[in-house]
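K.L.:
Provided below for reference: sequence and predicted model.
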Amino acid sequence: MLKKVRHAAAHLTPRASMGAPIRIVSKPTVRVLVLFTLASLLAVACGSLSAAEGQNASDSEITTRETEPTFKVQVQRNMVLVRVVVRDSRGRPVTGLRREDFRLFDNGKPQVIAEFAVESPSSKPEKAAEPTVPEPDAEAVPETELAASAPRNYQALYFDDVRMSFDHIVRTRDAAERYLTSALQPGDRVGIFTSSGQTVLDFTDDRGKLHEVLSHLRPRPVVPTAIRACPEIDDYLAYMIVHRRDPYAIATAAEETFHCYYENTRGTREEPDARARAKTEAETFAVESLNLAETHINHTVRGLEGVVRRIAVLPGRRSVIFISPGFLSYTLSYQVSEIVDRALRSNVIVNTLDSKGLFVTLPYGDATRSPVLIPGRGDLMGMKQQYILDGVSHVQEVLGNLALGTGGEFFHNSNDLDSGFRRVGTLADVYYTLAFSPQNLKLDGSFHSLKVSLVKPTGLTVHARRGYYAPKKSPDPSAQGKEEIEQVVFSQDELNELPIDVHTQFFTLNDTEARLSVLTHLDLRLLRFRKEEGRNLDNLTFVTALFDRDGKFVTGREKLLTLRLRDATLDKLLQSGITLKTSFDLKRGTYLVRQVVRDAEGGQISGLNRTVEIPF
């Protein structure tokens with residue numbers, strides 16, 4: 001994750017209240033509703049906040065307020081992210097590259113790489129926090145290291161059961177089960193999701209549940225598909241007829257419709273209106289076929305977006321394996337691009353596996369049928385076969401672009417699905433993230449082609465997204481900081497732009513419950529205060545979030561600290577810093593504590609992890 005990439009991408013709806021009772025809402029859904037509440041503000045070291053006491057609210061140097069933000073991540077942005085995997089002639093990822101080794105072009109124009117990061121899924125886990133001094137009125141138990149089984153790797157298997165045939169599902173689910181049996185390690189969590197939404201298992205390491213849910217996979221089309229053997233009009237041919245008005249596509253479908261319904265009946269080729277009726281019926285069939293396809297594709301795309309949203313809020317390495325026969329994305333290109341952007345900003349890798357396996361076609365279609373000729377236009381079946389091949393290429397293209405755009409792998413044109421799952425399930429040893437700010441970007445939703453190349457490309461291959469769509473409206477600057485906080489809260493990466501220190505400590509309340517205290521100390525010397533009317537102004541946001549051993553959000557608090565400090569008070573705080581305490585009453589168990597602090601004036605942000613195990 002880029003540490004300093006700033007972008008506007010979220011809408012929050014804070015509702016301020018003073019002295020409101022503490023409430024906690026936890027809901028493990030993709031669009032996580034996090035109700036952060038305000039607890040009492042701990043007096044800072046050496047009593048340096050006492051200057052604020054006894055003053056009127058309008059004259060206070062430090063004030064706090066409670067918020068109830070609803071995070072809704074969107075993808076409007078002022079920076080474009082490009083994840084790049086570089087491989088050598090043997091297909092092995094190349095390490096050791098630097099910013100100056102890359103060149104980046106937007107619509108053919110060279111761009112300045114504003115941010116550059118080298119990322120690896122094999123990064124070392126964070127150390128557990130040091131124990132803190134017990135509170136004087138309770139017997140405290142210091143925190144312990146996170147259990148060895150705590151999750152570090154999350155993988156979502158997303159089956160496109162709306163579009164997959166029964167034999168595709170059987171082959172891919174069996175291969176998926178063999179893959180999980182051999183590849184699942186302690187600390188891994190796997191979730192199973194489907195485009196129909198009817199077969200779902202949230203992230204778990206329970207192999208029995210994974211086996212059970214996989215066994216329930218079935219084709220589940222949203223709209224029942226009527227069986228029409230003739231004419232055969234697939235999604236691509238229907239698209240070419242309805243949207244592109246391709247004359248050869250129309251002629252091909254019309255001739256096949258004539259062959260199906262008129263040639264061997266009382267209607268003969270001599271009937272003056274037979275061909276006209278066949279053409280009209282062919283176009284009607286094409287509209288029906290395309291409407292059905294677009295209904296199913298919409299479910300597939302919305303489901304994939306939901307999976308990316310779900311996995312994005314988990315605090316670890318995150319990847320998706322998308323198993324699908326592919327689909328046309330012409331009418332949903334912008335939405336697919338948004339999924340790529342969301343995955344990039346959430347540090348999620350999408351791998352794709354073509355469930356069709358090895359696709360082979362006969363040169364003249366069905367060998368049991370005689371070629372049907374279009375007078376003056378050659379062989380009908382030969383022309384239709386070309387449309388079939390073009391359609392296969394296009395439906396595979398969207399799977400390839402999803403993988404390339406997010407730094408993932410695309411497995412296709414092979415029946416060795418065991419090898420396919422191993423390939424798409426293994427993250428690259430290293431990948432590079434480039435970011436640039438497009439100059440004079442028009443907010444018109446237009447497509448921009450991207451090209452990433454190496455200064456010295458000898459023997460190396462670059463895999464990166466092929467383009468992006470410009471935003472359709474201007475990003476909201478006021479939401480920039482709030483969206484960034486959300487991204488950092490639901491990441492496991494440690495950021496250190498502000499000097500903070502975090503300690504945790506728990507106190508047992510009874511046989512099943514405990515009170516966890518999180519103390520966060522902030523050194524103010526790096527803050528950028530704004531001077532106004534003799535005061536030093538800044539707003540600080542402290543967010544403390546707890547996740548369980550499976551990485552699911554449990555609860556959290558957000559504290560907004562408004563600073564309007566006189567010079568004398570600021571001098572004291574620069575020496576002592578400030579410490580905030582946040583307490584949680586919760587069940588005993590293993591938790592990941594994520595602490596995020598951001599200041600408004602400088603836009604600096606830090607995020608630290610601490611782990612605590614409260615034994616039963």
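P.N.:
In hand now; what should we look at?
K.L.:
where does the residue nearest to Asn415 when sequence neighbours are not counted fall, helix, sheet strand or coil?
P.N.:
Spatial nearest neighbour of Asn415, chain neighbours left out: Gly357 (4.2 Å); criterion: CB to CB, 6 or more residues apart in numbering. C-beta here means a position set from N, CA and C on the backbone, and glycine is covered the same way. Recorded secondary structure, Gly357: coil (DSSP: H, G, I helix; E, B strand; the rest coil).
K.L.:
Verify the stated contact: Gly357 with Ser419.
P.N.:
No. Contact criterion CB atoms under 8 Å: Gly357 and Ser419 do not qualify, at 11.4 Å.
K.L.:
who's in contact with the residue nearest to Asn415?
P.N.:
Contacts for Gly357 (CB atoms under 8 Å, 6 or more residues apart in numbering) come out as Arg171, Asn413, Ser414, Asn415, Leu417.
K.L.:
So the third one: helix, strand or coil?
P.N.:
Per three-state DSSP, the local secondary structure of Ser414 is coil.
K.L.:
Could you check how far the residue nearest to it when sequence neighbours are not counted is from Tyr158?
P.N.:
Among residues not flanking Ser414 along the chain, Leu358 sits closest, at 5.8 Å (CB to CB, 6+ apart). Leu358 is 22 Å from Tyr158, where distance means CB to CB, to the nearest Å.
K.L.:
pLDDT weak spots in the stretch 1-150 of the chain?
P.N.:
For the stretch 1-150 of the chain, the stretches with pLDDT under 70 are 1-59, 65-78, 121-150.
K.L.:
can you count the residues close to Asp206?
P.N.:
13 (other CB atoms under 10 Å).
K.L.:
Kindly list the main-chain dihedrals of it?
P.N.:
phi -80, psi 100 (degrees, to the nearest 10).
K.L.:
repeat for Arg535
P.N.:
The phi and psi torsions at Arg535 (degrees, to the nearest 10) take the values phi -110, psi 160.
K.L.:
and the nearest residue to it once chain neighbours are set aside, what are its bridge partners?
P.N.:
Spatial nearest neighbour of Arg535, excluding adjacent residues (CB to CB, 6+ apart): Arg564 at 4.6 Å. Residues in a beta bridge with Arg564, per DSSP bridges, are Leu537.
K.L.:
tell me the contacts of Arg564?
P.N.:
Residues in contact with Arg564 (CB under 8 Å, 6+ apart) are Ser60, Glu61, Ile62, Thr63, Arg535, Asn536, Leu537.
K.L.:
rerun that using 10 Å as the cut-off
P.N.:
Going by CB atoms under 10 Å, 6 or more residues apart in numbering, Arg564 touches 52, 58-63, 529, 532-539.
K.L.:
got it, and Leu237?
P.N.:
By CB under 10 Å, 6+ apart, Leu237 lies in contact with 231, 246, 249-250, 252-253, 256, 282, 285-286, 289-290, 384, 387-388, 390-391.
K.L.:
Check those for burial and list the buried ones.
P.N.:
By neighbour count, with 16 or more other CB atoms under 10 Å, the contacts of Leu237 hold 231, 246, 249-250, 252-253, 256, 282, 285-286, 289-290, 384, 387-388, 391 as buried.
K.L.:
Between these, which sits nearest Phe116?
P.N.:
The closest of these to Phe116 turns out to be Gly391 (CB to CB; 38.9 Å).
K.L.:
pLDDT weak spots in this protein?
P.N.:
Applying pLDDT under 70 to the chain flags residues 1-59, 65-78, 121-151, 225-229, 263-272, 360-381, 473-480, 492.
K.L.:
show me where it has helices.
P.N.:
166-183, 207-215, 235-242, 247-261, 274-312, 333-345, 380-406, 417-425, 480-489, 567-576 (DSSP state H).
K.L.:
For Val287, which non-adjacent residue is spatially closest?
P.N.:
Nearest non-adjacent residue to Val287 (CB to CB, 6+ apart): Val242, at 5.8 Å.
K.L.:
now that neighbour: how far from Leu290?
P.N.:
Going from Val242 to Leu290 by CB to CB gives 5 Å.
K.L.:
likewise Asp538?
P.N.:
56 Å.
K.L.:
Quick check: end-to-end length of stretch 317-332?
P.N.:
Start-to-end span of stretch 317-332 (CA to CA, to the nearest Å) is 28 Å.
K.L.:
Could I get the buried residue list for that stretch?
P.N.:
The neighbour-count check on stretch 317-332 (16+ other CB under 10 Å) flags 317-329, 332 as buried.
K.L.:
Tell me which two of these sit farthest apart.
P.N.:
Longest distance between any two of the buried residues of stretch 317-332 is 31.6 Å, between Arg317 and Leu328; criterion CB to CB.
K.L.:
Mind giving me the PyMOL select for the contacts of Gly357, buried ones only?
P.N.:
To isolate the buried ones among the contacts of Gly357 in PyMOL, judged by 16+ other CB under 10 Å, type:
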select buried, resi 171+417
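K.L.:
among the contacts of Arg564, which two are most distant?
P.N.:
Top of the distance list for the contacts of Arg564 (CB to CB): Ser58 and Phe529, 19.5 Å.
K.L.:
nearest to Arg207, of the buried residues of stretch 317-332?
P.N.:
Nearest member of the buried residues of stretch 317-332 to Arg207, counting by CB to CB, is Ile321, at 17.1 Å.
K.L.:
hang on, the earlier thing: these two touch, right, the residue nearest to Ser414 and Phe411?
P.N.:
No. In terms of CB atoms under 10 Å, Leu358 does not count as a neighbour of Phe411; the distance is 11.6 Å.
K.L.:
who has more neighbours, the two?
P.N.:
Neighbour count, other CB under 10 Å: between Leu358 and Phe411, Phe411 has more, with 23 against 10.
K.L.:
mind checking how far the more buried one is from Ile233?
P.N.:
From Phe411 to Ile233 the distance is 29 Å (CB to CB).
K.L.:
go on, Thr579?
P.N.:
Going from Thr579 to Ile233 by CB to CB gives 69 Å.
K.L.:
These two - which one has more neighbours?
P.N.:
Taking other CB under 10 Å, Thr579 and Ile233 do not tie; Ile233 has more neighbours (26 against 17).
K.L.:
What residues does the nearest residue to Gly467 once chain neighbours are set aside make contact with?
P.N.:
Setting aside the residues directly before and after it, Gly467 is nearest to Ser449 in space (CB to CB, 6+ apart), at 4.6 Å. If you count contacts by CB under 10 Å, 6+ apart, Ser449 has them with Phe105, Asp106, Asn107, Gly108, Arg465, Arg466, Gly467, Tyr468.
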